[in-house]
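J.: Build me a structure from this.
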Amino acid sequence: MFFDLIKSRRSIRRYKKREIEKEKIDKLKQAVLFAPSSKGKSPWEFIFVDDKDILVKLSQSKLHGSAFLANASLAVVVIADPYKSDVWIEDASIASTFLLLSAEAMELGACWVQIRKRKYDEHLEAEEYIKTILSIPEDRRVLSIISLGYPAEDKEPKNLQDLEYSKIFLNRYGQY
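T.: Residues are numbered from 1 along each chain as shown. Predicted coordinates for the structure are as follows:
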């Protein structure tokens, strides 16, 4: 079952105009909070956004690769407290992955929008733009935004024959 889930999970950027049920949103909230973190410090926090005006603003958060957020039913902004953990990026990434896989399990489409180290424009970081829109405290960091909705596109599951087994080694690098 899990292998079918990871095989079929694809980045979905087109969504139907359909709200996500409260029960599913509650499950998504639980999923991110179930995510493990280094030393159990849980440095991550999440802003669930369903306000259409805010989704449009978030869709403009970086130069490329965020426009589809305007048509999502929901976006989850993944933030973290870097003072709580020196591996906040890894911890927040794991939580983001839990969210992506949980969405797939509930037949929702989802896509990761990278924010950390991306630009809003040539003068402003995407992270700063988002912090202003969502009133995020200055001491927090924005890792990503996960868009969610009912898919309006079909993508084929990944094929086993397309897996790059040449990237897997036994005992030493370069040894198969």
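
J.: hey, let's count contacts and neighbours off CA atoms from now on
T.: Will do.

J.: The longest strand along the chain pairs with which strands?
T.: Of all segments of type strand in the chain, defined using DSSP state E, the longest is strand 141-149. Paired neighbours of strand 141-149 in the sheet (DSSP bridges): strand 74-80 (antiparallel), strand 109-114 (antiparallel).

J.: and the helix or strand following the longest one with strand 109-114, angle?
T.: Same thing as strand 74-80. Sequence order places helix 88-105 as the next helix or strand after strand 74-80, per DSSP states H and E. Angle of helix 88-105 versus strand 109-114, following axes from the mean of the first three to the mean of the last three CA atoms, to 10 degrees, is 160 degrees.

J.: before we move on, back to that, okay, the strands paired with strand 141-149 in CSV with distance to residue 127 next?
T.: Putting the strands paired with strand 141-149 into CSV (distance: least, CA to CA, whole Å) gives the following:
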stretch, distance to residue 127
strand 74-80, 10
strand 109-114, 10
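
J.: any chance of the ones you listed in a markdown table, with mean neighbour count and distance to residue 134 too?
T.: Formatted as a markdown table, the strands paired with strand 141-149 follow (neighbours: other CA atoms under 10 Å; distance: least, CA to CA, whole Å):
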| stretch | mean neighbour count | distance to residue 134 |
| --- | --- | --- |
| strand 74-80 | 23 | 9 |
| strand 109-114 | 23 | 16 |
